[in-house]
Every structure is written in C-alpha cells, then in structure tokens.
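K.L.:
Sequence first, predicted coordinates after that:
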Amino acid sequence: MRTTRFVSLVLAIVIALQSLGASAQAAWQTDEPTQINPTTPVLIVGSYGVGGEIRAIYPSADATIRTSFEWFADQQKLPQQISSRLSLTEALVGKVISAKITLRKRDFANLVVHAQGAIVHNGLPVSSGSMGYMGESINMPGCFAPRPSEVETPTLGWNIWFSCNPWNTDYGFPPERKFAWYRNGSLIAGASGQEYELKPIDSGKELWGFFQTTYENGFVFTEAKKLAAPIPYVSKLGTPTISGELSLDSTLTARVSSLDAGTTISYQWFSDYLPVIGETNKTFKVRNEDLGKAVQVLVSADKVGFTKITALSDPVAGFGVKPLNALDSYLKINRAVPATNNVFDISYVVSPTVTNSMLEREKALLQRAADYWSNDYTPNGVTVVYITKTDATWAENLVAQHPSWGGAIPGGITSWINKANCGFALAFLADSKQVFIECLHDGADRSLQDDSVGAHEYTHWFQYAQNPSIAIYTVPWLVEGQANFFGEAINAVQNDPKLQFINYSLAGYATQWDIYRGYTFADFKELDIFDRANVFENKVMLQRNGLVWDQYLIGTLVSEWLVSKFGNDKFVTWTKTLMTTKGQTRESEIAANAIAFKSSFGFEFADLATWITPYLAARSAQIRGAWNRQMNIPVTQPRPKKDPLQNCLGQ
C-alpha cells in the first residue's frame, strides 16, 4: 500500500515538472561543482635570461583559494620547482619555459591553467639604473602600474595607460612591443594598445595590463600589473527640464529624472552663458537682465562611490531669445585694430615665384597684426620668409646659408612642402631673433585660413616676448588656442560674417580627435563631450595637453568666451601676468595661474569648466552645423541629447 502511494507521488512530481518546463527541471538536478572564476589573470611574467626570474600572476590576495605550481622547460617538468617563482639557470638556455598553475577552492572544481612563457636567453640586459614616478620605482626594463591618463582617477570614457620602459640597456632598441588588457581575469578582446579606454562594463572590475618586449638578440621581458584605484560607476542623470515662462518676475523650476537612490543633487542657474552668482536652488526668479537671454540650469549629481556628473537644460523658450552670438568676440578684436603708418623692424625675404601682389597682400595682413599688438610687443630684427610650393630647392639653399635655422625645421623645407602641400608656417627663434617662414597659397588654393596665418604667428611673438619658455608648463590650450583665435579675429572674420568658415575649420580640428582615438572620421566624439555638458569631462578637456588640434579647438572656444564676457584687455592682462610669473615647473605654474587668472577675471581658474560649460555646448551645435552645411549633410531633426550614462565618452 505504501509502495503504490510513493509511485503515485513520484509520477505527480514528474508531471508537475514537465508542465513547468526545462528550467524548473534543472532545479531538481544535482549541479556539477562550479569552476573557480578568478578576477586576476593567471599567467607568468619575468625576465627570460640567465640570472633572471619568472613569477606567476594569480589571485594571491584571495585566502579562500589555494594554489600549486609546476614548472616546465621544453615541456619537460622541472623537479622540485613548486613555488610561484622560478630562477633561470644556464641549464635552461634555449628552452621554452611554461607552467601549470592549479587553483583550488572548497566546493569548486579545480581551475588548471597552462601558462606559456618564452625562450631563455643566455644573459640579462645591463641597464642604466632605475626610474621613479609618483612614488613607484622600477628597474629597467620595467613597467609602472597602470594609471589614469589625463584624469586624476580612473573615469569611464577616459584612458588608463601602462607605462613600460624597455630602453636604456645594453641590448639596444627592442623592435617588438606588445600590450594586452584583462578585465576580472579575462583577456579583453581587441585591447592591444598601451592605453585602454574605460567602458561602463569595467565599473567595479579589476583591470590588469600585460606587456611583452622582444629584443634583437632574442631576450624577452614580460610584466603584468594591476590598476590600483577602483573604477567608479557613473551616476544616472537625465537631461533637466525647466517649467515656467521667461517673463519678468516669473519663477522657473528645474526638474530632473533618472536619479540613483542616495544621490545628492545641486543646481546652478545660467543667464546668457554666465552663471548667476548665488542662484543654486531648484527655482529661479527671472530678472530684467535675463529677458531675451538664454536662461538654463546646470544640475549636478553626486553619490558616494560614483563619478560626479552634470547635465544641462535647454534654454527657456521666450519672446526675443536669440541664439548664441559667437561672432561678438571676433568683432571686438577685428574692430579694435588701429590703422597706422608705423614701420616695424621686419625684413621680408621672398622666393622667385612670390609675386609683388602676393607680397603686398601678406605684408598688409602682417601689418594689421603688428598694429593690433603694438602696445604689447615691438618686433626686433624679425625675418619673414615667403615661398611657394615650387620653391623647395631655393628654400633649402636659403636655410643652408643660415645654419641656426636648420634645427628648427625638422626634416627640411622640402619635406614640409611635400607633406603639407604648402599649407604650413614655421616660426622660431634663431640667434635670439624671430624667424617666420610661410609657404603661400594663391589663386584657387587659397582660403580664409591663409589670411589668418600671419596674425596667428605674430600672436606667438607677443607670447614669447613675455616668456621664451611659454610652451613649457603652461595652460595647455593657451598658446595655440589664443594664437588661432587672434589670427582669425584680426584678419579672417571680416570676410566670414556668419562664422561659417571659422566654425568649419574648428570642426576640422575636432575630426582629429576621432582619427587619433580610432573612431570613424567626423564622428565628432570630441564635440559629443561638449554636447553632454558634463563639467567634469570639460575640466579634463581644459587640463589635458592632447593634440595640437585640441589646443586649437578648445583654446579658440575659451578665448571667444573670455573676450566676449570679460573683454580683450583682461584677456591680454591675464596672459601677460601668467607668462611672466609662471615659473619653470607645473606646480609653480598652477600657483601663479591661480593668482593671475582670478586677479584678471574675478573668479577661480578651477571653476572655469563650470562657468564655460553652457557656452561649449551651444558652440558645439554651431560647429557641427557648419560642418554639415559645408559637407552638404542634411539635418532633418535636432540632434538628440545624450544620456550621460548610456552614451559615455567613446561609446
């Protein structure tokens, strides 16, 4: 009787499981032990030469995992070698080292890793010593631990880099270097560069960099190290909206969504692309000076363990609100150029194919720059050389007559003409005198950009007159960005009243970001940064050295904003004060700039990213639009705002 009842019960259970499906049935089955899944890569690294040592990388910090080691030479087990390290002897020369590393953990299946090494060389390189960086010291060849690049802490969308130095040894220059990156112990597909761009999937994970170099004589050095700092998550923050009307004494209210629990929210209101001091509440009362202006709110989200983030609202709609007028700053400069008959100490040397009309045109453009800067810089023995793309031989002979010029023209004039199709200018100091060489375009080859070149270089003369070492330890975007802005403002903008060409050229600089970082040409990832209006990303952009194209783009935009909002006198005063007090180290420059900037503009340089964020977002849209018009790219609808979490930099 009991047997019948038991069989009936079993049949009932089987029928029930069949009705629930395969997933429910799996719950009744006995699982095999789960394999260990270490967050640390398991491999071997070291110096593959007699007297060197190979060591195993494994999750040694996890006390729940026990590890055993077996070492092999040409697949033959090395007896008695059971530690995590192997010293290399002469008996191993010419043999390939490998290891069997076994991880054991209670209630888990063993993980066995067969780690492949390299051939043992008959010696070790002799290095010139060790080197240090940020408290870490390494022998050469050697590698510093991966660390953030361009940012203070690891941040999604920005790079970390693995700095390895295989040079400065008697083994010469290593012809082969390889990099690899690991996330929680697993090799990251496609990550084979010295730098790796952090992605959302990396948040909270353990990241390792791996390096291998092979010398001409066959010696191999490998290393693997962990990124020490944790990678924070990014707070969720939707695009803020504003309710209310832009009318006198009306109250505007900021609204924001997509918040994580425990997030602290703060507000900063802007009017006409300047912060309204003290207006940091959720609501804002419209003043008379706000009417017809772009009124926006910048919302910040802060959460412990997360990267800070900001998001910007669209301007409040209202009667008479006009789009950003970026032309204003250029006209302030252009209209301030005095017309003088001053004669400056500038000598002109021209090649045979430079016509009189070309020379007179260039001299007139340079005269305008000299007139503009006459109160701040007086030329002394400047030599200006004009050539065309057919004058390579003549130019080479000229340089040969001035040996002090050669060191400032890497590759020679011919190489510059060939690689740039004559679209270049060189300015340098030789024998304590300024020299300026420009290859001129003419006819159909010439564009508005050519009109700006002379004033651009003349602005450099003004800068270097204040401090010959201005390019060493200074605000990264200042030197080239300021020169680019003044070049366009002094001599190009009068023929570009809608800024179509200038904005198009700025877009061209932005395309270099895409090329350098491996994106599709004209994806405009750099402009996407400005679109997102994340103060913390913009702060990085203002502080990073980057490419010269970054300096042109960012420096021009900051110059526009500073001149428009504070006037050119303050802009020039700040430049002169900083250049004469900045010192010769990064620390002394930062200290000097903190004083120079605030004394000139009335707010802290550290707050510049916050103050200028709405302006950068507005200009980004205009620059992108100019590119689309020039390239005949139709724009059928407004570009959507990007969610900072889902569209992190580079994604």
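P.N.:
All right, it came through fine.
K.L.:
low-confidence ranges in this protein?
P.N.:
Applying pLDDT under 70 to the chain picks out residues 1-32, 258, 420, 635-651.
K.L.:
Show me how it divides into domains.
P.N.:
As recorded under automatic domain parsing, the domains making up the chain are 43-232, 234-322, 346-630.
K.L.:
Buried residues, stretch 173-189. List them.
P.N.:
Under the neighbour-count criterion of 16 or more other Cβ atoms under 10 Å, stretch 173-189 has 174, 179-185, 188 buried. All C-beta spots, glycine's among them, are computed from the backbone N, C-alpha and C.
K.L.:
could you redo the domains of the chain as JSON lines and give each row distance to Pro338?
P.N.:
Shown next, in JSON lines, are the domains of the chain (distance: least, Cβ to Cβ, whole Å):
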{"stretch": "domain 43-232", "distance to Pro338": "41"}
{"stretch": "domain 234-322", "distance to Pro338": "29"}
{"stretch": "domain 346-630", "distance to Pro338": "5"}
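K.L.:
Skipping its backbone neighbours, what lies nearest Phe219 in space?
P.N.:
Take Phe219 and drop its neighbours on the chain: the residue closest to it by Cβ to Cβ, 6 or more residues apart in numbering is His121, 4.1 Å away.
K.L.:
Check the burial of the one you found by counting its neighbours.
P.N.:
His121 has 24 neighbouring residues, counting by other Cβ atoms under 10 Å.
K.L.:
can you check the one 3 residues further on too?
P.N.:
By other Cβ under 10 Å, 19 other residues sit near Leu124.
K.L.:
Val50 is in contact with that one, correct?
P.N.:
Yes - at 7.0 Å, Leu124 counts as touching Val50 under the criterion of Cβ atoms under 8 Å.
K.L.:
Enumerate the helices of the stretch 1-150 of the chain by residue range, in sequence order.
P.N.:
In the stretch 1-150 of the chain, the helices defined using DSSP state H, counting those that start in this stretch lie at 2-20, 22-26.
K.L.:
Look up phi and psi at the most centrally placed residue in the chain.
P.N.:
Centroid-nearest residue in the chain, with Cα atoms, centre = their mean: Gly546, separated by 5.6 Å. Per-residue torsions, Gly546: phi 60, psi -160 (degrees, to the nearest 10).
K.L.:
List the contacts of the residue nearest to it when sequence neighbours are not counted.
P.N.:
Residue nearest to Gly546 in three dimensions, not counting chain neighbours: Pro476, with 6.9 Å by Cβ to Cβ, 6+ apart. Residues near Pro476 by Cβ atoms under 8 Å, 6 or more residues apart in numbering: 542-546, 550-551.
K.L.:
about what we covered before: of the buried residues of stretch 173-189, closest to Tyr348?
P.N.:
Nearest to Tyr348, judged by Cβ to Cβ, of those is Pro174 at 48.9 Å.
K.L.:
That closest one reaches Phe211, doesn't it?
P.N.:
No - applying Cβ under 8 Å as the test, Pro174 and Phe211 come out as separate, 10.9 Å apart.
K.L.:
looking at it, Ala180 is touching Leu187, isn't it?
P.N.:
Yes - contact criterion Cβ under 8 Å: Ala180 and Leu187 qualify, at 6.2 Å.
K.L.:
can you list contacts of stretch 157-166?
P.N.:
Residues outside stretch 157-166 that contact it (Cβ under 8 Å, 6+ apart): 131, 133, 138, 140-144, 146-151, 154, 174, 177, 179, 194-199, 207, 209, 211, 213, 215, 221, 223, 225, 227, 537, 540, 648-651.
K.L.:
Just give the number of residues close to Thr253.
P.N.:
By the criterion of other Cβ under 10 Å, Thr253 has 13 neighbours.
K.L.:
same thing with Ile231?
P.N.:
A count of nearby residues for Ile231, using other Cβ under 10 Å, gives 22.
K.L.:
What residues does it make contact with?
P.N.:
Ile231 touches 154, 156, 198, 202-205, 207, counting by Cβ under 8 Å, 6+ apart.
K.L.:
And the residue lying closest to it once chain neighbours are set aside, how close does it get to Ala229?
P.N.:
Nearest residue to Ile231, sequence neighbours excluded (Cβ to Cβ, 6+ apart): Pro154, at 4.6 Å. Note on Pro154: its distance to Ala229, by Cβ to Cβ, to the nearest Å, is 5 Å.
K.L.:
again, but for Ala311
P.N.:
25 Å.
K.L.:
Who has more neighbours out of the two?
P.N.:
Neighbour totals were compared for Ala311 and Ala229, and Ala311 leads with 24 against 15 (other Cβ under 10 Å).
K.L.:
Which SSE is immediately downstream of the helix or strand that Phe485 is a member of?
P.N.:
Element membership of Phe485 [criterion: DSSP states H and E] is helix 478-491. Using DSSP H and E, the helix or strand that follows helix 478-491 in sequence is helix 500-516.
K.L.:
Show me which residues of that following helix are buried.
P.N.:
In helix 500-516, counting by 16+ other Cβ under 10 Å, buried: 501-514.
K.L.:
tell me which strands and helices the helix or strand following that helix is in contact with?
P.N.:
Next along the chain after helix 500-516, taking DSSP H and E as the criterion, comes helix 525-532. When contacts are defined as 3 or more Cβ pairs under 8 Å, 6 or more residues apart in numbering; DSSP states H and E, helix 525-532 packs onto helix 500-516, helix 535-543, helix 608-630.
K.L.:
Taking helix 608-630 as reference, get the angle to helix 525-532.
P.N.:
120 degrees (axes from the mean of the first three to the mean of the last three Cα atoms, to 10 degrees).
K.L.:
Helix 525-532: how far from the chain's middle?
P.N.:
12 Å (Cα atoms, centre = their mean, to the nearest Å).
K.L.:
tell me the angle of it relative to helix 535-543?
P.N.:
Orientation of helix 525-532 against helix 535-543 (the same axes, to 10 degrees) gives an angle of 140 degrees.
K.L.:
can you pull out the helices in the stretch 551-651 of the chain?
P.N.:
Using DSSP H, counting those that start in this stretch, helices in the stretch 551-651 of the chain cover 568-581, 586-601, 608-630.
K.L.:
Pick the most buried one from the ones you listed.
P.N.:
When the helices of the stretch 551-651 of the chain are scored by mean count of other Cβ atoms under 10 Å, the highest mean neighbour count falls to helix 608-630 (a mean of 21).
K.L.:
That one packs against which elements?
P.N.:
strand 274-275, strand 295-302, strand 309-312, helix 500-516, helix 525-532, helix 535-543, helix 548-566.
K.L.:
looking at those, which is closest to Ser347?
P.N.:
Ser347 lies closest to helix 548-566 among the helices and strands packed on helix 608-630, at 28.2 Å (Cβ to Cβ).
K.L.:
And the helix holding Phe485, what does it pack against?
P.N.:
Using 3+ Cβ pairs under 8 Å, 6+ apart: helix 478-491 touches helix 327-334, helix 356-372, helix 448-466, helix 548-566, helix 568-581.
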